[in-house]
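K.L.:
dropping a prediction and its sequence here:
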Amino acid sequence: MTFEQLFGIPPLVCASAPGRVNLIGEHTDYNGGFVLPTVIPQRTTVELAPRKGGAVRAFSLDVGKSVPFEYIVGTESRRGRWTDYLQGITWVLGQEGLVVGGADIRISSTVPLGSGLSSSAALEIALLRALREAFMLPLDDVQMALLAQRAENDFVGAPVGVMDQMACTLASDGEALFLDTRSLEWKVVPLPPSAELVVFNSGIAHNHSKGDYRSRRAECEEAARQLGVRQLRDLDVPDVPRVMALPDPFGRRARHVVTEDARVLDAVRALQAGDLESLGALFYASHESMRDDYEVSVPEIDLLVELARAMPEVYGARLTGGGFGGSVVMLARPGTAADVAQKVSAAYTAKTGRAGAVLVPQTAGA
């Protein structure tokens, strides 16, 4: 249904934000470390028209019921549904003293839910962009990213870092965003024309507001406490022997974060040098660390990485996103991404019975 069919009026503003794929730097953001995401073609779009009073009526084409969800600004309450992300944004704006009124909202998205590609951050940033324009809010892009993270942490209850929101706000096609999540310093790193990405959604959805993600963050905080540092970011590779003296699993959790931060820095250097062989090797090392030390992979994800490893056209592959399902990112040789995607998809379905989905490269009409 169109906005006018739903609400009887045209939208005043239309805003969107992309999903993202993290090239490398997983579970480092909430440890104050480094990340290297880029955007994907799939986007979330928000159409909005202000209305009198404080009532919000929101309709999603992708989830929820066939009638709009309604609430009053200032009376937000968590319900354990997709609408928490919507309410979280108006709630956090109110916490900051930024006034928004009622609105009619229509949401559509091509970012698959629970895929490790930031569907929640894309919704948050698209909504903030629409609200910023409709209600003339004095917010810059970094402020919006921080507010979106707060909404997800404090209202939704998902203890995510700031990478997703910063990537959805600041990253552009053909570029990676090198972000220091402690200082929020960032720079753009161009992707070499010879670098072709394949992003494959395993079809296994995750939910960051559930317990596994939360437990990994708590384990990192405990490891930092035992090591006497503010965050695991304050350690480096030479500290790994001391890290591994911690009781299990704290040593392995911390080892992943420390070595992953180093891999991000190495990946930036590899990109700048156009050294895709080295970048691919970093992809595989990152996946092994996430599988063995951080224990956030699942058999289907491991299968996708091994299918990619068996193909000479692929430099490297890894789980991307928080884990426990989601997607794999692969780095393919020039001119081979579409063929790699087709072959991996066919082999994955043959071995698992799952369809999965190729998200990048995007096929015509997708």
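P.N.:
Perfect, I can see it now. Numbers count the residues shown, from 1 in each chain.
K.L.:
quick one, strands of the stretch 251-366 of the chain?
P.N.:
314-320, 327-332, 357-360 (DSSP state E, counting those that start in this stretch).
K.L.:
how about the ones you listed, which one is nearest Gln5?
P.N.:
Closest of the strands of the stretch 251-366 of the chain to Gln5 is strand 357-360, at 28.7 Å (criterion: Cβ to Cβ). All C-beta spots, glycine's among them, are computed from the backbone N, C-alpha and C.
K.L.:
for Leu307, what are its contacts?
P.N.:
Residues near Leu307 by Cβ atoms under 8 Å, 6 or more residues apart in numbering: 343-344, 347-348.
K.L.:
let's see 10 Å
P.N.:
By Cβ atoms under 10 Å, 6 or more residues apart in numbering, the contact list for Leu307 reads 200, 314, 317, 328, 330, 340, 343-348, 351.
K.L.:
check the spatially most central residue of the chain and give its pLDDT.
P.N.:
Centroid check for the chain by Cα atoms, centre = their mean gives Ser118 as the closest residue, at 3.2 Å. With respect to pLDDT, Ser118 scores 80.
K.L.:
pLDDT averaged over the biggest strand by length in the chain, what's the number?
P.N.:
If you go by DSSP state E, the chain has its longest strand at strand 34-51. Taken as a whole, strand 34-51 has a mean pLDDT of 96.
K.L.:
offset the numbering so it begins at 50, please.
P.N.:
New numbering, starting at 50: the last item is strand 83-100.
K.L.:
quick check: neighbours of it in the sheet, parallel or antiparallel?
P.N.:
Applying DSSP bridges, strand 83-100 is found paired with strand 62-73 (antiparallel), strand 151-158 (antiparallel), strand 224-229 (antiparallel).
K.L.:
got a list of what Glu201 touches?
P.N.:
Glu201 is in contact with 133-134, 137-138, 141, 169-170, 173, 207-211, 213-214, 257-258, counting by Cβ under 10 Å, 6+ apart.
K.L.:
assumed it was part of a strand.
P.N.:
No - in this structure, Glu201 is helix, not part of a strand, as judged by DSSP: H, G, I helix; E, B strand; the rest coil.
K.L.:
wait, isn't the residue nearest to the centre of the chain in contact with Asp213?
P.N.:
Yes - contact criterion Cβ atoms under 10 Å: Ser167 and Asp213 qualify, at 4.2 Å.
K.L.:
point out where the protein drops to low pLDDT.
P.N.:
Scanning the chain with the threshold set as pLDDT under 70 gives 113-115, 256-260, 412-415.
K.L.:
in the longest helix along it, what counts as buried?
P.N.:
Secondary structure assigned by DSSP state H gives helix 299-322 as the longest helix of the chain. Buried positions in helix 299-322, judged by neighbour count with 16 or more other Cβ atoms under 10 Å: 299-313, 315-317, 319-320.
K.L.:
ok, stretch 109-122 next?
P.N.:
For stretch 109-122, the neighbour count (16+ other Cβ under 10 Å) marks 109, 117-118, 120, 122 as buried.
K.L.:
so which of the residues you listed is the closest to Phe332?
P.N.:
Ser109 (33.8 Å).
K.L.:
now do the residue nearest to that closest one when sequence neighbours are not counted against Cys63, distance only.
P.N.:
Distances taken as Cβ to Cβ, 6 or more residues apart in numbering place Ile156 nearest to Ser109, at 4.4 Å, with adjacent residues excluded. Here Ile156 is placed at a distance of 11 Å from Cys63 (Cβ to Cβ, to the nearest Å).
K.L.:
same check on Ala406?
P.N.:
For Ala406, the distance to Cys63 - Cβ to Cβ - is 26 Å.
K.L.:
who touches the spatially closest residue to Phe56 that is not a sequence neighbour in this structure?
P.N.:
The shortest distance from Phe56 to any non-neighbouring residue, by Cβ to Cβ, 6+ apart, is to Asp153 (4.3 Å). By Cβ under 10 Å, 6+ apart, the residues touching Asp153 are 52, 55-58, 60-61, 96-100, 104-108, 117.
K.L.:
now the buried members of these.
P.N.:
Applying 16+ other Cβ under 10 Å to the contacts of Asp153 flags 52, 55-56, 60, 96-98, 105-108, 117 as buried.
K.L.:
dump these to JSON lines, plus secondary structure and distance to Pro187.
P.N.:
Below are those laid out as JSON lines (DSSP: H, G, I helix; E, B strand; the rest coil; distance: Cβ to Cβ, whole Å):
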{"residue": "Phe52", "secondary structure": "helix", "distance to Pro187": "27"}
{"residue": "Leu55", "secondary structure": "helix", "distance to Pro187": "30"}
{"residue": "Phe56", "secondary structure": "helix", "distance to Pro187": "27"}
{"residue": "Pro60", "secondary structure": "coil", "distance to Pro187": "22"}
{"residue": "Glu96", "secondary structure": "strand", "distance to Pro187": "23"}
{"residue": "Leu97", "secondary structure": "strand", "distance to Pro187": "18"}
{"residue": "Ala98", "secondary structure": "strand", "distance to Pro187": "21"}
{"residue": "Val105", "secondary structure": "strand", "distance to Pro187": "21"}
{"residue": "Arg106", "secondary structure": "strand", "distance to Pro187": "26"}
{"residue": "Ala107", "secondary structure": "strand", "distance to Pro187": "24"}
{"residue": "Phe108", "secondary structure": "strand", "distance to Pro187": "28"}
{"residue": "Pro117", "secondary structure": "coil", "distance to Pro187": "29"}
